[in-house]
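>>> Here is a sequence together with a model predicted from it:
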Amino acid sequence: MKNLIFVNGTMGAGKTAVCRALQSRLEPCVLLDGDWCWDMRPFTVTDETKAVVVDNICAMLGNFLRCGAWENVVFCWVMQDKAIAENILRRLDLTDVNARLFTLMVSEKALRARLEADVQSGKRERDVIERSVARLPLYERMDTEKIDTDALTPDQIAEIIANRIRKGEKNT
């Protein structure tokens, strides 16, 4: 049985860093970061571009799941509504696939500090801070496996997820 592991959270929650750390803990593993499917200039969000991005995500995840090389398929993205994940899952063949959805939770204070550091280093634009903070309540309401990230490193979070996957343990 393959594992399909979705990791979501607001911008700055640590999704990419956690998933990179998760790869080495769940080998053989492949990672898709949903942001890679949005890498366009100018960044344009329309119904058409959203549809293309989701189509591409589904195509890539489906290809990864069909390939015998990987036991674990990890996908991270900002999915502030569980319906986004459910839409993707509905479009995939999940025969013999254990699908799990983890949400990286972060306090407003820790989120602001992380994003401010990213802004100062030139990795993000300042407007991301308020946009990300505004989404925090959306993740609280989601029925997912939540992990509080405030006092943990990406490696520690990856270890928690990897252990839950290995044990088949669910902790919502």
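That came through fine.
>>> so where's the protein shaky on pLDDT?
169-172 (pLDDT under 70).
>>> count of neighbours near residue 11?
Using other CB atoms under 10 Å, residue 11 has 19 neighbouring residues. No exception for glycine: its C-beta is placed from N, CA and C like everyone else's.
>>> residues in contact with it?
78, 115, 124, 128, 131, 132, 135 (CB atoms under 8 Å, 6 or more residues apart in numbering).
>>> Could you pull up the contacting residues of the fifth one?
When contacts are counted by CB under 8 Å, 6+ apart, residue 131 touches residue 11.
>>> Just the helices from the chain, written as ranges.
For the chain, applying DSSP state H gives helices covering 15-25, 47-66, 82-90, 108-120, 128-140, 154-167.
>>> hey, which of these is tucked in deepest?
Most buried of these, by mean neighbour count (mean count of other CB atoms under 10 Å): helix 15-25, with a mean of 20.
>>> which one is residue 125 nearest to, not counting chain neighbours?
Spatial nearest neighbour of residue 125, chain neighbours left out: residue 119 (7.1 Å); criterion: CB to CB, 6 or more residues apart in numbering.
>>> how much space between that neighbour and residue 126?
5 Å (CB to CB, to the nearest Å).
>>> do residue 120 as well
Taken as CB to CB, the span from residue 120 to residue 126 is 10 Å.
>>> And residue 61, by the same measure?
33 Å.
>>> hang on, the earlier thing: which pair in the contacts of residue 11 spans the largest distance?
Using CB to CB, the contacts of residue 11 reach their maximum pairwise distance at 124 and 135, which is 14.6 Å.
>>> For the residue nearest the centre of the chain, list the residues it contacts.
Geometric centre of the chain, nearest residue: residue 76, 2.3 Å, by CA atoms, centre = their mean. Contact partners of residue 76, counting by CB under 8 Å, 6+ apart, are 6, 7, 8, 15, 16, 18, 19, 31, 32, 33, 34.
>>> which residue sits farthest out from the middle of the protein?
Here the centre of the chain is the reference, and by CA atoms, centre = their mean the most remote residue is residue 120, at 23.8 Å.
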